[in-house]
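Participant: Take a look and give me a structure for this.
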Amino acid sequence: MALLLRFPPHSIYLLRHTSTPPKLFTPPTQNKRLLLFSAAAMATPAAPARKVLVPIANGTEPMEAVITIDVLRRAGADVTVASVEKQLRVDACHGVKIVADALITDCGQNVFDLITLPGGIPGATNLKNSGILESMVKKQAAGGRLYAAVCASPAVALGAWGLLKGKKATCYPSFMEQLASTANAVESRVQVDGKVVTSRGPGTTLEYAVALVEQLYGKEKADEISGPLVMRSNHGEEYTIKELNPVQWTFNDGPRILVPVANGIEEMEAVMIIDVLRRAKANVVVASVEDKVEILASRQVKLEADMLLDEAAILSYDLILLPGGLGGAQAFANSEKLVNLLMKQRESNRPYGAICASPALVLEPHGLLKGKKATAFPAMVNKLLDQSEAENRVVVDENLITSRGPGTSIEFALGVVEKLFGREKALELAKTMLL
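Facilitator: Prediction:
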């Protein structure tokens, strides 16, 4: 089963202004000059968005690509996703399909404020083997502009291209020895050295993306973006969940997990949940509640589900998990078929859960939080009838699991892994991802 992401053409922003003549007691000539000055000032265009290139390849780590794209677009960057393959669609890790905006061959003459490489194997190797991308990043470095990489790509791509000489850099732990031959290797979660930014892996990508925002726009903008992400304050420490009324989650074969998607879902949350659970070898079914399998997520990322919910509803599930996003949560709440599935899940004492806006906008209005403790996105917590445990990042109450937002998505998914496979398995995955 595959998840297909499609990145549409960039949005166009329109500026509108009006000029009302000021009521000033001035001679006509001076008044006219003031009007002309006022109109000219109001017509001054906004500063152009910073241009960012995110190259992708077969074997790219989807979390690293999507998180970086999402966060940079939140900051207002004009992000171009470019395939280094011969076609727009690439086969990323964990069954995720990504369709780029353009081929790298179409981008060679463009100038970017930042070029940032996701990792993944063989994704990093495929990026390294792109002669056009190598030339572009070398010109980026020679021009004193930002370039960056995460996971395997600092060692496999940037290091191999000779672009980390004399620089402090970090990468995925298993590539540190290779990195040490081409850079001053350090074990930082995110390392900034001049115009070079590097990071370690999936679990450090949110920090990495926010650091890129700071490099492009400044610390004030980075702080503004990071707040709604609900990021961890204790990066690198062992994750925790708040569990009340513990019960054992069981499954016969699989387990089979339903992840519905809809227009307006938060793409980071959906991809992180799907990615982590597929790493744990769960059978994840991605189903669209819309009338077609392709949906438009909140940051204009197009996802293609495995099937429509009508088809998915024929099966039974060990667990149903709802990603968030305001528009997506509202679509879930309006889907009678999905609500019925959730009702049956509760009635049969099978697990279900939600993150971000979905606990407040889907579960609460339909009585699916009755008698349960839960959490939700901070701005939505006031919609919960019982807010007593809402400050926790992940809350498990019997067969219910809820969480807060993009920055808690990996912890949310690991909480599911812990309940299904045990904490040892969840901690093993957390270590692999460098949470």
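Participant: Return the helix or strand in this structure with minimum mean pLDDT.
Facilitator: helix 28-42 (a mean of 38; mean pLDDT, DSSP states H and E).
Participant: List the contacts of the helix or strand just after it.
Facilitator: Downstream of helix 28-42, the first helix or strand assigned by DSSP states H and E is strand 51-56. Residues outside strand 51-56 that contact it (CB atoms under 8 Å, 6 or more residues apart in numbering): 65, 68-69, 72, 77-84, 90, 92, 98, 100, 104, 107, 110-118, 123, 127, 130, 133, 136, 216. For glycine as for every other residue, the C-beta is placed from the backbone atoms N, C-alpha and C.
Participant: so of those, which ones are in helices?
Facilitator: Judged by DSSP state H, the subset of the contacts of strand 51-56 located in helices is Ala65, Thr68, Ile69, Leu72, Gly123, Leu127, Leu133, Met136, Leu216.
Participant: so what's the fourth one up against?
Facilitator: For Leu72, the residues meeting the contact criterion (CB under 8 Å, 6+ apart) are Val52, Val54, Val79, Thr116, Ala209, Leu212, Val213, Leu216.
Participant: How about the last one?
Facilitator: Under the criterion of CB under 8 Å, 6+ apart, the neighbours of Leu216 are Arg50, Val52, Leu72, Ala75, Ala77, Asp113, Leu114, Leu146.
Participant: How about Gly367?
Facilitator: For Gly367, the contact set (CB under 8 Å, 6+ apart) is empty.
Participant: ok, Asn399 touching Arg350?
Facilitator: Yes - counting by CB atoms under 8 Å, Asn399 does reach Arg350; the two are 6.5 Å apart.
Participant: Give me the more crowded residue out of these two.
Facilitator: Legend: neighbour count by other CB atoms under 10 Å for Asn399 and Arg350, higher for Asn399 (20 against 17).
Participant: contacting residues for that one?
Facilitator: Residues in contact with Asn399 (CB under 8 Å, 6+ apart) are Val247, Trp249, Arg346, Asn349, Arg350, Pro351, Tyr352.
Participant: Let's have those residues in TSV, adding pLDDT and secondary structure.
Facilitator: TSV is the format used below for the contacts of Asn399 (pLDDT from 0 to 100; DSSP: H, G, I helix; E, B strand; the rest coil):
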residue	pLDDT	secondary structure
Val247	96	coil
Trp249	96	coil
Arg346	96	helix
Asn349	94	coil
Arg350	96	coil
Pro351	98	coil
Tyr352	98	strand
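Participant: Show me which of these are buried.
Facilitator: Trp249, Arg346, Arg350, Pro351, Tyr352 (16 or more other CB atoms under 10 Å).
Participant: Can you pick out the most distant pair from the residues you listed?
Facilitator: Farthest pair in those (CB to CB) is Trp249 and Arg346. Separation: 13.8 Å.
Participant: With only the CA atoms kept, save stretch 271-287 in PDB.
Facilitator: Output in PDB follows, covering the C-alpha atoms of stretch 271-287 (Å, rounded to 0.1, in the frame of the first residue of the first chain):
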ATOM      1  CA  VAL A 271       3.000  11.200   7.200                       C
ATOM      2  CA  MET A 272       4.700  10.800  10.600                       C
ATOM      3  CA  ILE A 273       2.000   8.500  11.900                       C
ATOM      4  CA  ILE A 274       2.000   6.300   8.800                       C
ATOM      5  CA  ASP A 275       5.800   6.300   8.500                       C
ATOM      6  CA  VAL A 276       6.400   5.300  12.200                       C
ATOM      7  CA  LEU A 277       3.700   2.600  12.200                       C
ATOM      8  CA  ARG A 278       4.900   1.100   9.000                       C
ATOM      9  CA  ARG A 279       8.400   1.000  10.500                       C
ATOM     10  CA  ALA A 280       6.900  -1.100  13.200                       C
ATOM     11  CA  LYS A 281       5.500  -3.500  10.500                       C
ATOM     12  CA  ALA A 282       1.900  -2.600  11.100                       C
ATOM     13  CA  ASN A 283      -0.500  -3.000   8.200                       C
ATOM     14  CA  VAL A 284      -1.600   0.700   7.700                       C
ATOM     15  CA  VAL A 285      -4.600   1.400   5.500                       C
ATOM     16  CA  VAL A 286      -4.900   5.000   4.300                       C
ATOM     17  CA  ALA A 287      -8.500   5.800   3.300                       C
END
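Participant: And it, how far out from the chain middle?
Facilitator: Its chain's C-alpha centre and that of stretch 271-287 lie 15 Å apart, by CA atoms, centre = their mean, to the nearest Å.
Participant: In terms of residue numbering, what are the domains of this structure?
Facilitator: What automatic domain parsing lists as the domains of the chain is 48-228, 242-433.
Participant: Could I get the contacts of Asn399 in TSV, plus columns for distance to Leu164?
Facilitator: Converted to TSV, those look like this (distance: CB to CB, whole Å):
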residue	distance to Leu164
Val247	50
Trp249	45
Arg346	53
Asn349	54
Arg350	50
Pro351	45
Tyr352	46
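Participant: Which residues outside the helix or strand hosting Lys419 are in contact with it?
Facilitator: Element membership for Lys419 (DSSP H and E) is helix 409-421. Residues outside helix 409-421 that contact it (CB under 8 Å, 6+ apart) are 202-203, 232, 239, 241, 249, 251, 255, 257, 268-269, 272-273, 275-277, 280, 282, 318-319, 321, 351, 353, 355, 393-394, 396, 401, 403, 425-426, 429-430, 433, 435.
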